[in-house]
Each structure stands twice: as C-alpha cells, then as structure tokens.
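[1] Build the 3D model from these lines:
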Amino acid sequence: MSRLPRSTALLLNVAHAIDHMFLLIFATAVAAIAAEFGLARWEDLMPFGVGAFVLFGLGSVPSGRLGDLWGRRQMMLVFFFGIGVAAILAAFAEGPWSLALALTLLGAFASIYHPVGIPMLVQHSERPGATIGVNGLSGNLGVAVAAIVTGFLVQLAGWRMAFALPGLVSIACGIAFAYLTPREDAPPAKRTTRATTPLPRRLMARAFAVMTAAAVTGSLLFNFTTNGNGQLLAERFAGVITDPAALGAMLAAVYVLASFAQMVVGRLIDRVPMKSLYLAIVLVQAPLLALAANARGWVLLALVAAFMITIFGAIPFTDAMIVRYIDDRMRSRVAGMRLAVSFGISSAAVWALGPVVKSGGFSTLLVVMAAISVLTALVVAWLPSEKETARFRREESGKAAA
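    Numbering: from 1, shown residues only. Next up is the predicted model:
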C-alpha cells in the first residue's frame, strides 16, 4: 500500500481504543462480578484477570513476527474478530476459572494490536510523532470508555452485557476493516524502508535496553492505575459519592483529560529533543503519586488527574523510538519483543494489585508507584542523546564522502 486510506487509519485508531477498553472491562466490573460469584471482596477475584495481561505481553512476540512475515492487514482482521469473540465468551462465564480462561484468550488477541496496528499506522507517516500522539489519544479514550460505559452497563444491564456488547462492536469493526482496507502488496519483511535515525550497534543496543526498561516501569504504572483507580476513588470518596455510575463518569473525565496529553507530547516529539522531553515528564510523576498517597475527596481527584496526565504522556515515547531507530521491515518483530518483556513483567501489577491493597491499602500502593517512577527517570537518563546520534550521522556522512 502506498498510503493508508483515511478509513483504515480511523479503524486502526478505533482498534487501539478497543484494545485498552476490553482489557479494563474486568477491572471496572470486578466488584459486581465478585458479588455474583459469591466472593466477599473484589480483591479476591482480581488475580483471576492476570492471564489476560500475561498473554497480552507474551503474545506480542508471535503477533509481531506474523505481522512482519504474513501481513499486518491479515493480523488486524484476526484482532478484531478474535477479541470480539473472546469478550462474548467472557460474558457467558459461570465462575472465576471460566472467566479467567476467557480473559486469557482475550489477552492473547489483544496482544496483536501494539506490535501490528501501530507500525501499520505509522509506516508512511510524514510526522510519526503526531500520528502516534493521536493514536495514543485513541487508546486512552478506550480506557475512559471502559470506565464510563462499563459502569453504566453494569448498572443498567449487568456485567455480562458489559462484555457482550463491546464484543459485537469489535466484530462489526472487523467487517468494516475487511471491506475498506486494501490488501498489502507484500509483507513488511520484504520492504526496504529505512529508519529515520539509524544508529550504530552499540547505541542501538543501548536505545533498545532503555525503551524496554522504561516500557516495563511505565506499564507497571499504567496497569496499577488503570486497574486500581476505580476502587481508589470508591474508597476515598466514601460518604461523599457512592453511585458507581457517577464515580465511573468522574474517572472517565480524568482519562479523557489525560489522553489529550498524548496528542501534545506526540507533536512535541517531532519538534524538540526526545530525551529531554521524556525525562521532564517522568520526573513529575513521583511527587504527584506521593502526594496522592494520603489525599481524599476532591483533592485526590485533582492529583489523580495530574499523575494520569504524566503517565499517559509518557506512553508515546517507546513507539516513537521504534519508528526513529528501527527499519519498517522489522518494526513489528522488534515491537513484539519489547512488548513481551514490558507487558509480561507488568502483568504482575494486575496480580499484585488486590493483595497489596488488601494488606497495605492504597497509600502503600501509591508510594510503591512513586518509587517506580523514580526508577523510570534513572532509566531514561541513559537514553542516547541527540548529540550522540548527530555525531554518529556526521561520522557516517564523512565516511560516505571519502
């Protein structure tokens, strides 16, 4: 394909929203599901969702490989139909273990999007930072939709409809994608598109290590917050607001606001030094998380909005680094390897969330997240600077001229 049709780009952004929304339906509806399954506390059901996030990470390796070698269009069709069917299966679960199996299957299909959908979207983009920013906005709007739509569906029709209806929507999007997206001329592995900023092997290894480590810590923060914020607000607003739909709407508003940070960051990535921007954003996270540890009510809501802006704002950098440093013919495979490590490790956050909150409360969890954000800053400080990459390009130009 020479350029992506606008309809295909739109559906790829919608797919990002679907990906994140489906992974958070369970966390948003967990209290209602636990009550129906006869469990006394939502924390006791939370570990049953970890399989989705483990497969979300580990499945990225085969997904990325198939995206490069078989084709990104074909893999996106598997994504739309597969995740839709898995969500419908979750709606028919009769207990914790059958739900866990359906969620694990959902995570396997969800693993397709990031190593396949994002490289497909940026493969011909003239401003990849801006494209990634809009795509990130779409993905995190999916987080907002999970908070508000799941809350209302649980209240009006039950938690099973919160899985089934989005599943049908995904299948409909798959039909539209099959009809509107032209077939690829050749799989990406046969293309010759080069990276925008090629690096020598030692700097490439360092950049890959940084993007992977920073993605691990960033994903830990993302999973802790997006899976735990709903229950955090419910606890800290006790006696002020108790309606689940109202709390869901408040959280959705926070996520919508925070999502626009990715558009701003995406545009800045195309214009300012990446390392300095990335480091500035992650340095703000720790004090905000630490302040939220003991906050309640409306002060807490303001702090949640602030730290979610920084957590969402840090997301575009790893994808931007892949576009900048990796040839298009292998971007899905490199993204898959990076995602397998980062999402695989960060899936522990979903498993640990319930036990950590049960034993130490949300104050302990927020302090732990502040420490993780400090670690992120230390990792990002090791990223090759623009001066180093510029010096390498000058050296390469000099060799070519000689």
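[2] Grab the nearest non-local neighbour of residue 177.
    Taking C-beta to C-beta, 6 or more residues apart in numbering, and ignoring the residues beside it in sequence, residue 177 has residue 11 as its nearest neighbour in space, at 5.0 Å. C-beta coordinates here come from the backbone N, C-alpha and C atoms, glycine included.
[3] number of nearby residues for that neighbour?
    Close neighbours of residue 11, defined as other C-beta atoms under 10 Å, add up to 21.
[4] just checking, it touches residue 178?
    No - the criterion here is C-beta atoms under 8 Å, and residue 11 misses it with residue 178 at 10.1 Å.
[5] And residue 42, its phi and psi?
    In terms of degrees, to the nearest 10, the main-chain angles of residue 42 are phi -70, psi -30.
[6] ok, it - how many residues close by?
    Residues within reach of residue 42, counting by other C-beta under 10 Å, total 21.
[7] swap in residue 30?
    Other residues within reach of residue 30, judged by other C-beta under 10 Å, total 24.
[8] What's the first helix or strand after the helix or strand containing it?
    With secondary structure defined by DSSP states H and E, residue 30 is part of helix 6-36. Following helix 6-36 in sequence order, the next helix or strand is helix 50-58 (DSSP H and E).
[9] which residues touch the helix or strand just after that following helix?
    Where DSSP H and E defines the elements, the next helix or strand beyond helix 50-58 is helix 60-69. With contacts defined as C-beta atoms under 8 Å, 6 or more residues apart in numbering, helix 60-69 is touched by 74-75, 111-112, 114-116, 119-120, 187-189, 329-340, 343.
[10] And for stretch 97-105?
    Around stretch 97-105, the neighbours that count as contacts under C-beta under 8 Å, 6+ apart are 26, 33, 48-49, 51-52, 54-55, 86, 89-90, 92-93.
[11] hmm, 7 Å instead?
    The contact list for stretch 97-105 (C-beta atoms under 7 Å, 6 or more residues apart in numbering) reads 26, 48, 49, 51, 52, 55, 86, 89, 90, 93.
[12] next one: stretch 333-344
    Contacting residues not belonging to stretch 333-344 are listed as 53-54, 56-58, 60-61, 63-65, 68, 114-115, 119, 211-212, 215-216, 219, 318, 322, 326 [C-beta under 7 Å, 6+ apart].
[13] Would you mark the buried spots in stretch 174-183?
    The neighbour-count criterion (16 or more other C-beta atoms under 10 Å) identifies 174, 177, 181 as the buried residues of stretch 174-183.
[14] Could you work out the end-to-end span of stretch 66-75 for me?
    End-to-end distance of stretch 66-75: 7 Å, with C-alpha to C-alpha, to the nearest Å as the criterion.
[15] Could I get the buried residue list for it?
    66, 67, 68, 70, 71, 72, 73, 74, 75.
[16] Quick one: low-confidence residue ranges for the protein.
    Counting by pLDDT under 70, the low-confidence segments of the chain come to 1-2, 191-200, 388-402.
[17] could you redo the last one with a cut-off of 50?
    For the chain, the stretches with pLDDT under 50 are 1.
[18] need the contact list for residue 217.
    Residues touching residue 217, when contacts are defined by C-beta under 7 Å, 6+ apart, comprise 372, 375, 376, 379.
[19] so of those residues, which ones are in helices?
    Secondary structure of the contacts of residue 217 is defined by DSSP state H; positions in helices are 372, 375, 376, 379.
[20] In a markdown table, list these along with distance to residue 351 and neighbour count.
    A markdown table is the format used below for the ones in helices among the contacts of residue 217 (distance: C-beta to C-beta, whole Å; neighbours: other C-beta atoms under 10 Å):
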| residue | distance to residue 351 | neighbour count |
| --- | --- | --- |
| 372 | 16 | 20 |
| 375 | 20 | 16 |
| 376 | 21 | 26 |
| 379 | 23 | 21 |
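[21] of all those, which comes closest to residue 157?
    Looking at these and their distance to residue 157, the nearest is residue 372, at 37.0 Å (C-beta to C-beta).
[22] one step back: looking at the buried residues of stretch 66-75, which is nearest residue 282?
    Within those, distances to residue 282 taken as C-beta to C-beta reach their minimum at residue 67, with 28.8 Å.
[23] Relative to residue 141, how far out is the closest one?
    Counting by C-beta to C-beta, to the nearest Å, the separation of residue 67 from residue 141 is 24 Å.
[24] Residue 298 - how many residues pack around it?
    Residue 298 is flanked by 12 other residues according to other C-beta under 10 Å.
[25] host element of it?
    Assigned by DSSP H and E, residue 298 falls within helix 297-313.
[26] could you dump that helix to CSV, C-alpha only?
    The C-alpha atoms that make up helix 297-313 are tabulated as CSV, following Å, rounded to 0.1, in the frame of the first residue of the first chain:
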residue,chain,number,x,y,z
GLY,A,297,-12.1,13.5,48.1
TRP,A,298,-11.7,16.3,45.5
VAL,A,299,-8.0,16.9,46.3
LEU,A,300,-7.4,13.2,45.4
LEU,A,301,-9.3,13.6,42.2
ALA,A,302,-7.1,16.5,41.2
LEU,A,303,-4.0,14.6,41.9
VAL,A,304,-5.2,11.5,40.1
ALA,A,305,-5.9,13.7,37.0
ALA,A,306,-2.4,15.2,37.3
PHE,A,307,-0.5,11.9,37.6
MET,A,308,-2.5,10.3,34.9
ILE,A,309,-1.6,13.1,32.6
THR,A,310,2.1,12.3,33.2
ILE,A,311,1.6,8.5,32.9
PHE,A,312,-0.4,8.8,29.7
GLY,A,313,2.0,11.5,28.4
